[in-house]
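In: Predicted structure and sequence below. I'll ask about it afterward.
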There are 2 protein chains.
Amino acid sequence: MPDDRTTRAVIRDEALRLFAEHGPEVVTIRQIATAAGVSPGLVVHHFRSKDNLRQEVDQYVLTVFEGLLSELTGDGSGAFEGTGAATATLGEVFLRHLPVGSPLPGYLRRLLLSNTDAGRGLFRRLYAVSRETLDALAESGAASRGNDPQVRAALLLVNDLSVFLLRDQLTAVLGVDPLSAAGLARLGPELLTIYAAGLNADPPEPQADADPPAPQAEGGQA
Amino acid sequence: MPDDRTTRAVIRDEALRLFAEHGPEVVTIRQIATAAGVSPGLVVHHFRSKDNLRQEVDQYVLTVFEGLLSELTGDGSGAFEGTGAATATLGEVFLRHLPVGSPLPGYLRRLLLSNTDAGRGLFRRLYAVSRETLDALAESGAASRGNDPQVRAALLLVNDLSVFLLRDQLTAVLGVDPLSAAGLARLGPELLTIYAAGLNADPPEPQADADPPAPQAEGGQA
DNA sequence: CAGATCGCTGAACGAGTGTTTAGTCTGCTG
DNA sequence: CAGCAGACTAAACACTCGTTCAGCGATCTG
């Protein structure tokens, strides 16, 4: 049994993959049909139009992503667990729950940057999560809300998202995918160091230029 | 004197504006021609093809941007001047040297995310600047290189770029354009606070420099 | 078993694409 | 003045796009 998905689901998945990789405007119905091994007419038969297919894939991706997101807000464990703050956690969620070559991060990237209602809604949702997370951190004493909590939450969010928007470029210059296990292991500690004590804190270990060193660094000062 | 640019320059500028706003794949030669007030044939007459026009606009934007960038590396004044670290400075450069509605930030955004050689080259260039800036900060004692200077420079860079990639979304949730004077005045101090002492530092007394923090308000709009 | 339904294909249609071509107008130069 | 080069337009080209449509074959259903 090679594939137990319905043909409709196969088309949806291939559209998702191609949309994530090249952008919905560039991908044609014929490309989707070829990738799914069906005729172009069948794509329109199952989904009424290309635009409707796109909206359906949007909704599907948002539903899946909401499921992943529930882990962030669901469990009562501290948001600082593991490596980073709320920032690194998004990458961790992806790494833990998605297969390695999943097109979902790429699709969410397009969505966030797409100037559509779906993209704006997604960002608002993430911003709300970021604000809640910052509040929780402040409640537990793990972090301060800062002078301008709205701005602080936004900065923490976009810093997290940037790793994810510029994934390919970071992979090129660092030599490691920031959304892989190795990438998170390398980026997480450095980010935690900055969040813990700012840029002025002394590195605990002798500094070498390119090395994946020990995580912990402490020593708060102004 | 209505316009002293050559028709060729007008076409280039309109293409730049439309490419920045909608993306080069979506924009048609006829749209560019209409915006420039000429016939579609003339666009091809001046630039050999649409792809060649796109490359020429790429090159033009990169040249202009390199001019802006030279201010960052050119003057010997501390990179920490004004509000933020190397991160906020990119936004300041845009604000200082570009007219308010300039399409250049939008075009650079597309370029950075475009999966082209030009985009990858641009990111490598910015990464090199970020590394140099971090080195300079470390030399002057204003910041530490951290345990992994490559990663630290990359994180500072992408954090700066994120404000810029997610400009519209941030404007939506914060109610202020982060690349405007008001936006920089609001984001800069918060970012500086984090970079100075991390997330745990107590909020200092209201800044004498930039005025309005928004302490506890919910759902900020203006 | 007749008939309706559904998944599915192949071919076609109209619209829009980038590009080409023929030709007009204007200004410069021998 | 003749002619020529360049800016510029209108029309057409070949092509691809999203979408429509008639029909085929299998699977239910009464």
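Out: Structure's in. What do you need?
In: Can you pull the residues of chain A lying near DNA strand D?
Out: Contact residues (C-beta under 7 Å from any atom of the strand) of chain A with DNA strand D: A:27-31, A:40-41, A:43-45, A:49-51. Just so you know, the C-beta spots here come from the backbone N, C-alpha and C atoms, and that holds for glycine as well.
In: Run through the residues of chain A sitting next to DNA strand C.
Out: A:7, A:8, A:37, A:38, A:39, A:40, A:41, A:42, A:45, A:46.
In: so for whichever helix or strand the second one is part of, what's the average pLDDT?
Out: Counting by DSSP states H and E, the element that carries residue A:8 is helix A:7-22. In this model, helix A:7-22 carries a mean pLDDT of 97.
In: Work out the gap between it and the centre of the chain.
Out: 19 Å (C-alpha atoms, centre = their mean, to the nearest Å).
In: And the contacts of the helix or strand just after that helix?
Out: Per DSSP H and E, the first helix or strand lying C-terminal to helix A:7-22 is helix A:29-36. Applying C-beta atoms under 8 Å, 6 or more residues apart in numbering or on different chains, the external contacts of helix A:29-36 come out as A:7, A:10-11, A:14-15, A:17-18, A:39-40, A:42-44, A:50, A:53.
In: Convert helix A:29-36 to PDB, retaining C-alpha atoms only.
Out: Provided in PDB are the C-alpha atoms of helix A:29-36 (Å, rounded to 0.1, in the frame of the first residue of the first chain):
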ATOM      1  CA  ILE A  29      -2.400  24.400 -11.500                       C
ATOM      2  CA  ARG A  30      -0.600  22.200 -14.100                       C
ATOM      3  CA  GLN A  31       2.500  22.000 -11.900                       C
ATOM      4  CA  ILE A  32       0.400  20.900  -8.900                       C
ATOM      5  CA  ALA A  33      -1.500  18.300 -11.100                       C
ATOM      6  CA  THR A  34       1.800  16.900 -12.400                       C
ATOM      7  CA  ALA A  35       3.300  16.700  -8.900                       C
ATOM      8  CA  ALA A  36       0.200  14.900  -7.700                       C
END
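In: in that helix, what counts as buried?
Out: Under the neighbour-count criterion of 16 or more other C-beta atoms under 10 Å in any protein chain shown, helix A:29-36 has A:29, A:32, A:33, A:35, A:36 buried.
In: what does the helix or strand following that helix rub up against?
Out: Sequence-wise, the next helix or strand downstream of helix A:29-36 (DSSP H and E) is helix A:40-46. Here helix A:40-46 makes contact (C-beta under 8 Å, 6+ apart) with A:7, A:8, A:11, A:29, A:30, A:32, A:33, A:36, A:50, A:53.
In: Now do the buried residues in helix A:40-46.
Out: Of the residues in helix A:40-46, A:42, A:43, A:46 count as buried by neighbour count, 16+ other C-beta under 10 Å.
In: one step back: now, which of the contacts of helix A:29-36 sits nearest residue A:99?
Out: The shortest gap between residue A:99 and any of the contacts of helix A:29-36 belongs to residue A:17, at 12.0 Å (C-beta to C-beta).
In: surely the closest one meets residue A:101?
Out: No - look at residue A:17 against residue A:101 with C-beta atoms under 8 Å: they stay out of range, at 9.2 Å.
In: So for the two, which residue has more residues nearby?
Out: Taking neighbours as other C-beta atoms under 10 Å in any protein chain shown, residue A:17 and residue A:101 compare with residue A:17 leading, 20 against 6.
In: Could I get the contacting residues of the closest residue to the more buried one other than its chain neighbours?
Out: Excluding its sequence neighbours, the residue lying closest to residue A:17 (C-beta to C-beta, 6 or more residues apart in numbering or on different chains) is residue A:103, at 4.4 Å. By C-beta under 8 Å, 6+ apart, residue A:103 lies in contact with A:16, A:17, A:20, A:21.
In: Go ahead and confirm the third one touches residue A:106.
Out: The one in question is residue A:20. Yes - with contact defined as C-beta under 8 Å, residue A:20 counts as touching residue A:106 (3.6 Å).
In: Quick one: list the elements packing against the helix or strand harbouring residue A:119.
Out: Applying DSSP H and E as the criterion places residue A:119 in helix A:117-139. Judged by 3 or more C-beta pairs under 8 Å, 6 or more residues apart in numbering or on different chains; DSSP states H and E, helix A:117-139 is in contact with helix A:50-74, helix A:86-97, helix A:104-112, helix A:149-165, helix B:167-174.
In: most packed of those helices?
Out: Mean neighbours per residue, mean count of other C-beta atoms under 10 Å in any protein chain shown, is largest over these for helix A:149-165, with a mean of 25.
In: Report how many residues lie close to residue A:182.
Out: 12.
In: so what's it up against?
Out: When contacts are counted by C-beta under 8 Å, 6+ apart, residue A:182 touches residue A:176.
In: how far away is it from DNA strand D?
Out: Distance of residue A:182 to DNA strand D, computed by C-beta to the nearest atom of the strand, to the nearest Å: 38 Å.
In: Is residue A:21 in contact with residue A:105, as I believe?
Out: No - if you go by C-beta under 8 Å, residue A:21 and residue A:105 don't touch, sitting 11.5 Å apart.
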